[in-house]
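Trainee: coordinates only, no sequence provided:
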């Protein structure tokens, strides 16, 4: 059975809109350290909800390359 995160997401979004760091939903309460942490938790819960509904969750990666040498300035 899939877990429904919609009540928790809605409660967190409402708390974020009100500017408070404590969220209560379904008889549970949680306090967060910052709004950035709340935004990250909301994004996490939305991804979990999408997975529970059978939707694909996009994955983003960043490739970087290094030639193995660093230029420190002129004449080095």
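Mentor: Noted; the coordinates are in hand. Worth saying up front: this structure is predicted, and the values here are computed from it rather than measured.
Trainee: CA only for contacts and neighbour counts going forward, please
Mentor: Fine.
Trainee: and the residue nearest to the spatial centre of the chain, what element?
Mentor: Most central in the chain under CA atoms, centre = their mean is residue 40, positioned 2.7 Å from the mean C-alpha point. Residue 40 is part of helix 35-52 when elements are defined by DSSP states H and E.
Trainee: show residues contacting that helix.
Mentor: Defining contact as CA atoms under 8 Å, 6 or more residues apart in numbering, one finds that helix 35-52 is touched by 2-6, 9, 12-13, 16, 21, 32, 56-57.
Trainee: surely residue 24 is in contact with residue 13?
Mentor: No: contact between residue 24 and residue 13 fails when scored by CA atoms under 8 Å: they sit 11.5 Å apart.
Trainee: who has more neighbours out of these two?
Mentor: residue 13 (16 against 13; other CA atoms under 10 Å).
Trainee: next one: the more buried one, what pLDDT does it get?
Mentor: Reported pLDDT at residue 13 in the predicted model: 95.
Trainee: run the chain-centre distance for the helix or strand it falls within.
Mentor: When elements are defined using DSSP H and E, residue 13 is found to belong to helix 6-18. Its chain's average C-alpha position is 14 Å from that of helix 6-18, according to CA atoms, centre = their mean, to the nearest Å.
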